[in-house]
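Colleague: model the following, please.
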Amino acid sequence: MQAIWNGKVLAESDATVVVEGNHYFPPESIHKQYFQPSDKHTTCPWKGRASYYDVVVDGKVNKDAAWYYPDPKPAAKQIKDRVAFWKGVDVKP
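Modeller: The predicted structure follows:
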């Protein structure tokens, strides 16, 4: 699987975990140069508290376009620290 935005591959892995239709990429598969920590956090009743990244490619910012669970609830332990995408990021094989 690849996550692509603004013509750049943000993450690439053949070991994603799919939860609720979202591919969660292993942390080592993301290209860190495109990610900046965001102040945004949300809470999912069964996964826990999510943290977000802004995706930055060639000076363009896609605010809060990636999220991860640094300390998920037990039911979601399989996605700990894995990164998922939305907001126009194309995730495809």
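
Colleague: just give me the neighbour total for residue 19.
Modeller: Using other Cβ atoms under 10 Å, the number of residues around residue 19 comes to 17. For the C-beta atoms, the positions are set from N, CA and C on the backbone; glycine is no exception.

Colleague: an error on my part: the question was meant for residue 89.
Modeller: Residue 89, neighbours per other Cβ under 10 Å, totals 17.

Colleague: any idea how far it is from residue 77?
Modeller: Relative to residue 77, residue 89 is positioned 24 Å away (criterion: Cβ to Cβ, to the nearest Å).

Colleague: repeat that for residue 20.
Modeller: Between residue 20 and residue 77 the computed distance is 15 Å (Cβ to Cβ).

Colleague: quick one: which of the two has more around it?
Modeller: Counted by other Cβ under 10 Å, residue 20 and residue 77 do not tie: residue 77 has more neighbours, with 12 against 9.

Colleague: in a helix, the more buried one, correct?
Modeller: Yes: using DSSP: H, G, I helix; E, B strand; the rest coil, the secondary structure at residue 77 is a helix.

Colleague: where does it land on pLDDT?
Modeller: Reported pLDDT at residue 77 in the predicted model: 98.

Colleague: residue contacts, it?
Modeller: By Cβ atoms under 8 Å, 6 or more residues apart in numbering, the contact set of residue 77 is empty.

Colleague: and the gap between it and residue 19?
Modeller: 11 Å.
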